[in-house]
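Participant: need a 3D model of the following:
(one chain, ligands or ions: 1)
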Amino acid sequence: MEILGVDIGGSGVKGAPVELDAGELAGERMRIATPEPSTPENVLAAVAKIVDHFSWDGPIGCGFPGVVRGGRVLTAANLDRSWLGTDLRDALATATACPATVLNDADAAGLAEIRYGAGRGRRGVVLMLTFGTGIGSALFIDGRLVPNTEFGHLEVRGKTAEARASDRVREERELTWKKWAERIDELLVRLNLHLWPDLVILGGGVSKKHDRFIPLLTTPIEIVPAELRNQAGIVGAALAARDLSEL
Ligand code: BGC
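Facilitator: Next up, the predicted model:
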């Protein structure tokens, strides 16, 4: 079965049909730079272009970089503020004429890793963290998602964790891998104090360079790189449309 997965991000809007038996993209993904200003109108036009590109007329699963509850956007730290309160599910259905399931982007990525990737078959408390424009989180208990955790907004040294340790901050501040790993460590220490996760999966595009920073982390938590890398968000959004359409 194929469903179109879309991943709305702070720097790119990406999508591709996903083959859900294998958990793989069924074709080359399409990426459009996130429009400026990143208003609902502009971003939805980008999603509509992706839908057109694949001549898609079936269900869509869409990840969004903020808290999404009952189809509605409640936070949008890295997109235009006019998103707040938008009914994304309705707006997508109007913009694309396709039925849509919407959820937080990190939750989508986590679902994909738990189903097909680094968290496959793992029980207990599993936490996925995604490093990109922001830091996203997805929390699982025995494989079941606790939606909309926002651990990237924990306060570390007087700032949000994502303002110190996102991949964007690493690039913009030209942090060495060692410096960046120290900042991730600070977040992990905090998370370990409060959650005691059995496993933490580190994802986002930068996870393909995991050998540069994961070995530098010093926390005692078991830490593994995401296996689906940057595609987890697309794959997980499609998966949610099949399995969690009541979200
Ligand atoms: C948002 C999260 C999102 C993360 C990654 C954060 O700023 O608050 O909801 O998952 O960025 O996009």
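
Participant: contacts for the longest helix that the chain contains next, please.
Facilitator: If each helix of the chain is counted by residues according to DSSP state H, the longest one is helix 177-195. With CB atoms under 8 Å, 6 or more residues apart in numbering as the contact definition, helix 177-195 has outside contacts at 125, 127, 129, 131, 135, 139, 151, 154, 156-157, 161, 164-165, 170, 175, 197, 200, 202, 212-213, 216-221, 223. For glycine as for every other residue, the C-beta is placed from the backbone atoms N, C-alpha and C.

Participant: just for the chain, where's the confidence low?
Facilitator: Within the chain, the stretches with pLDDT under 70 are 245-247.

Participant: what does it put close to the ligand?
Facilitator: Proximity of the chain to the ligand is confined to 65-67, 75, 77-78, 104-106, 130, 132, 134, 136, 150, 152-153, 162 under the rule CB under 6 Å from any ligand atom.

Participant: alpha carbons of stretch 130-138, as CSV, please.
Facilitator: The C-alpha coordinates for stretch 130-138 follow below in CSV (Å, rounded to 0.1, in the frame of the first residue of the first chain):
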residue,chain,number,x,y,z
THR,A,130,15.6,14.9,15.8
PHE,A,131,18.3,17.5,15.1
GLY,A,132,17.6,20.0,12.3
THR,A,133,16.3,23.6,12.3
GLY,A,134,15.0,22.8,15.8
ILE,A,135,15.2,19.8,18.1
GLY,A,136,12.1,17.5,18.0
SER,A,137,11.2,14.6,20.3
ALA,A,138,9.1,11.5,20.1
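
Participant: gap between that stretch and the chain center?
Facilitator: The gap between the average C-alpha position of stretch 130-138 and the chain average comes to 6 Å, counting by CA atoms, centre = their mean, to the nearest Å.

Participant: please apply the same query to stretch 72-88.
Facilitator: For stretch 72-88, the distance to the chain centre is 15 Å (CA atoms, centre = their mean).
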